[in-house]
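Student: Predicted model and sequence below, questions to follow.
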Amino acid sequence: MAILIYLYGRDGSANTYSDKELTHVVERILPDNAPKKVVIEREEDRLVCVSNLSEGVSIHEGNVCLGKLIPSVEWSHRYDLEGNFAIVRGDPNQIEVISDAAATKTLYYRILDDIFVVSSSQRAVMHFSDDLDLDKEALLWMISSGTLGPKQTWDRRVKFLPPDTRLSLDRSKWRLNKYQNPILFDPKSLPREKQLDLLGSNLDSLYSKMDLDFSKWVLPISGGVDSRELLHVLKDEEALKTVTWGNPDALEDTQSDAYIAQRVVEAYGVPHRFFSLPKVPEKIDTFFERFVVASEGRIDHIAGYTDGFSMFEKLVSEGYGGMIRGDHGFGSKPAETPFDVRSSVCLQTLDDYIVPSIDDVFLTNHQLPKRFLRRPGESLSTWKDRLRHSYRLPCVLAPLNSIKSPYMEVVSPYLTKQILRFARNIPSEYRVGKKIWRDHVLSKGPEIKLAQSGATLSVEKILRHPSMVSYLSDSIDKDSLRELTGDRIVDDALQRMKEGVYRRNYFYRLKSQMVKRLPSKVLTPLVKSTNIELPKICITGNRLALRLFLIRSTLDKLSDDIEVIR
């Protein structure tokens, strides 16, 4: 996905910003090895600025569509749109900003006195601000979950567009109105065979509408069912190429994504490449600079990028403009406890963890928004899937895809509105463990087992490397961070990294094993009827240090962005 800056200005104020100034903003918010070709188009009082104008961008008369529509249709006036997209368009009365069913393309916006700014980058928005109004909850969510949480912004005045939402700016009244379609689960009780038939027909309808130039798109392959389905469908496309990346040792592990993916691709006879990632970045400072710039501090998932985005840089140089991913909403692994549900979608709060309190100035009410709480009568599995659709897709998956956006477009066909609505109608027993989805995929293609482990090293293993410990220790032991969070949490992270492990007492270990082994139907009554407390979970010092580092580094950049062009 390209980086977008869209400006609408009262009385022509958008045109007070020169092409040189806008190009300077784009260059500041892109990693040093990302493409930096900038396209700027002006239409009366509107301005569209786009970097990396590749497979996923369409500009027409001051309107812009990021992503891919499925099918490809005229989009500047229609509302019945499908695909992975974000649209900004205007007419004489209003400016509209529209997200797809999963908000796969994150857009941020802010309305100022004379400028309405919409961008795929928070940092771009800050270039039009005169100060940083820090949202304190963002710090709490980053420390507890490694994400920015439900608001997805660092500045309180900057907003992000949720899934399936239409935001409109009334030009004359200078007022915003927002309408979001609700995410509703309405399971239909159907026999398994009928459910499989409906899944197949919905997928066939989707595949018939896809319109991609496969010479410019690559298909990442894992050892699981999701990418295997895409490979089966696209196997006859002559230009199709597949890739896998990860730790080279995984190629020898018969249970890993890398090993299984190679076997599957060989069975289909499709060209395939494996990109090796180092166990630890060769140039740690360069790696972290690129990661912070690409991610804007939205997420701490660093494991797939230890090569400093060299794989993406290479694919772009070879003419590839996008990746086709198998992300979906058909279900997930079963959950035994409420904490399992929330942790699976990265919705842990500070109350879940053993973390020293940060400075009193940040002791805000850190709780789940009401819309994410478990509803009366809602099963753990349905709650988990609802959070997956309403939170994980826009607030975890979208940030991960945004990391790639300075380099390549990402399309996820199974996250279209048609397919997501179908997934919400699947009975709970068929969603648990992705049962109906797995049955569909494994009923065709080669009989090759599914992978049991990933191809990349875990974040924890990467962070345990002495060079990473040294770098993060030096990076967080700074007055600017201590002034923000207080000393206790910084000192705790430093001490835990120094010790190498976090010491836990006997009772903590006993409770942890109990939570892991007992099913919820036994555990829940036990907790309610006794004085036994569920254990709090430990954030390792290394992971805590990484999150503190992302906070400090991102806020430094956001502060530097202010008034660059004002």
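Tutor: Structure received.
Student: quick one: buried residues of stretch 267-286?
Tutor: The neighbour-count check on stretch 267-286 (16 or more other CB atoms under 10 Å) flags 268, 270, 272, 274-277, 280-281, 284 as buried. C-betas here are computed from N, CA, C, even on glycine.
Student: should've said stretch 413-432
Tutor: So stretch 413-432, judged by 16+ other CB under 10 Å, has buried residues 413-424, 426-428, 430-432.
Student: now stretch 81-96
Tutor: Under 16+ other CB under 10 Å, the buried positions of stretch 81-96 are 81-90, 94-96.
Student: In the stretch 351-500 of the chain, where is pLDDT below threshold?
Tutor: Along the stretch 351-500 of the chain, the parts satisfying pLDDT under 70 run over 354-365.
Student: That one: helices as residue ranges?
Tutor: Taking DSSP state H, counting those that start in this stretch to define them, one finds helices in the stretch 351-500 of the chain at 380-387, 398-404, 417-423, 428-431, 435-442, 459-463, 466-476, 479-485, 487-499.
Student: Now do the second one: which elements does it pack against?
Tutor: So the one you mean is helix 398-404. helix 284-295 (3 or more CB pairs under 8 Å, 6 or more residues apart in numbering; DSSP states H and E).
Student: Strands along the stretch 51-200 of the chain, start to end?
Tutor: Here the stretch 51-200 of the chain has its strands, by DSSP state E, counting those that start in this stretch, at 57-60, 63-69, 83-90, 94-99, 108-111, 115-119, 159-160, 165-170, 175-180.
Student: Could I get those in CSV, plus columns for mean pLDDT and distance to Gly329?
Tutor: Rendered in CSV, the data for the strands of the stretch 51-200 of the chain read as follows (pLDDT from 0 to 100; distance: least, CB to CB, whole Å):
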stretch, mean pLDDT, distance to Gly329
strand 57-60, 89, 26
strand 63-69, 94, 17
strand 83-90, 96, 13
strand 94-99, 97, 16
strand 108-111, 97, 24
strand 115-119, 97, 26
strand 159-160, 96, 20
strand 165-170, 97, 17
strand 175-180, 96, 17
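Student: Ramachandran coordinates for Trp245?
Tutor: The phi and psi values for Trp245, taken as degrees, to the nearest 10, are phi -140, psi 150.
Student: so it bridges to which residues?
Tutor: Phe275 (DSSP bridges).
Student: Please apply the same query to Ile299.
Tutor: With DSSP bridges as the rule, Ile299 is bridged to Thr147.
Student: can I see the domain layout of the chain?
Tutor: 4-182, 192-349+367-462 (automatic domain parsing).
Student: Kindly reformat the ones you listed as TSV containing distance to Thr485.
Tutor: Formatted as TSV, the domains of the chain follow (distance: least, CB to CB, whole Å):
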stretch	distance to Thr485
domain 4-182	7
domain 192-349+367-462	14
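Student: Between the ones you listed, which one is closest to Arg488.
Tutor: domain 4-182 (12.3 Å; CB to CB).
Student: just checking, what's the longest helix in this protein?
Tutor: Ranked by residue count, the top helix of the chain under DSSP state H comes out as helix 541-561.
Student: helices or strands next to that helix in the packing?
Tutor: Packing partners of helix 541-561 (3+ CB pairs under 8 Å, 6+ apart): helix 122-126, helix 136-145, helix 284-295, helix 459-463, helix 466-476, helix 479-485, helix 487-499.
Student: centre of the chain versus the last one, how much separation?
Tutor: Meaning helix 487-499. Relative to its chain's centre, helix 487-499 lies at 28 Å (CA atoms, centre = their mean, to the nearest Å).
Student: With the third one instead?
Tutor: In terms of CA atoms, centre = their mean, the centre of helix 284-295 is set 17 Å apart from its chain centre.
Student: Ok, the first one next?
Tutor: For helix 122-126, the distance from its own C-alpha centre to the chain's C-alpha centre is 18 Å (CA atoms, centre = their mean).
Student: Name the surrounding residues that touch it.
Tutor: Outside of helix 122-126, the residues within contact range by CB atoms under 8 Å, 6 or more residues apart in numbering are 3, 5, 25-26, 28-29, 108-110, 117, 119, 132, 153-155, 158, 296, 557-558, 561-562.
Student: what's near enough to touch Pro399?
Tutor: Taking CB under 8 Å, 6+ apart as the test, what Pro399 contacts is 106, 147-148, 152, 295, 298-299.
Student: wait, isn't Ala34 in contact with Asn52?
Tutor: Yes - counting by CB atoms under 8 Å, Ala34 touches Asn52, with 7.1 Å between them.
Student: Touching both of the two, which residues are there?
Tutor: Common contact partners of Ala34 and Asn52 (CB under 8 Å, 6+ apart): 406-407.
Student: Looking at those two, which has the bigger crowd around it?
Tutor: Counted by other CB atoms under 10 Å, Ala34 and Asn52 do not tie: Asn52 has more neighbours, with 25 against 22.
Student: how close does the more buried one get to Thr244?
Tutor: Noted for Asn52: a distance of 24 Å to Thr244, by CB to CB, to the nearest Å.
Student: try Phe185
Tutor: Taken as CB to CB, the span from Phe185 to Thr244 is 33 Å.
Student: swap in Val117?
Tutor: To Thr244, Val117 is 38 Å away according to CB to CB.
Student: re earlier: and Leu494, which of the domains of the chain is closest to it?
Tutor: Comparing those under CB to CB, the one sitting nearest is domain 4-182, at 14.9 Å.
Student: How far does the closest one sit from its chain's centre?
Tutor: With CA atoms, centre = their mean, you get 17 Å for domain 4-182.
Student: got the end-to-end distance for it?
Tutor: One end of domain 4-182 sits 27 Å from the other (CA to CA, to the nearest Å).
Student: wait, Lys209 sits on Ile70?
Tutor: Yes - with contact defined as CB under 8 Å, Lys209 reaches Ile70; the gap is 4.9 Å.
Student: Of these two, which one has the most company?
Tutor: Comparing Lys209 with Ile70 by neighbour count (other CB under 10 Å), the higher total belongs to Ile70, at 25 against 16.
Student: my read: the more buried one touches Gly83, true?
Tutor: Yes - between Ile70 and Gly83 there is a contact at 4.0 Å, judged by CB under 8 Å.
Student: tell me, what's touching those two both at once?
Tutor: Common contact partners of Ile70 and Gly83 (CB under 8 Å, 6+ apart): Thr416.
Student: circling back: could you redo the strands of the stretch 51-200 of the chain as TSV and give each row distance to Ser310?
Tutor: Listed next are these as TSV, based on distance: least, CB to CB, whole Å:
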stretch	distance to Ser310
strand 57-60	24
strand 63-69	25
strand 83-90	26
strand 94-99	31
strand 108-111	28
strand 115-119	27
strand 159-160	30
strand 165-170	36
strand 175-180	39
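Student: re the thing from before, nearest to Ser317, of the buried residues of stretch 267-286?
Tutor: For these, the nearest to Ser317 is Phe275 (13.4 Å; CB to CB).
Student: ok, back up a step: please list only the buried members of the contacts of helix 122-126.
Tutor: Here, 16+ other CB under 10 Å leaves 3, 5, 25-26, 28-29, 108-110, 117, 119, 132, 153-155, 158, 296, 557-558, 561 buried among the contacts of helix 122-126.
Student: So for Leu450, which of the helices and strands packed on helix 541-561 sits nearest?
Tutor: Closest approach to Leu450 among those (CB to CB): helix 459-463, 22.6 Å.
Student: elements contacting that closest one?
Tutor: helix 466-476, helix 541-561.
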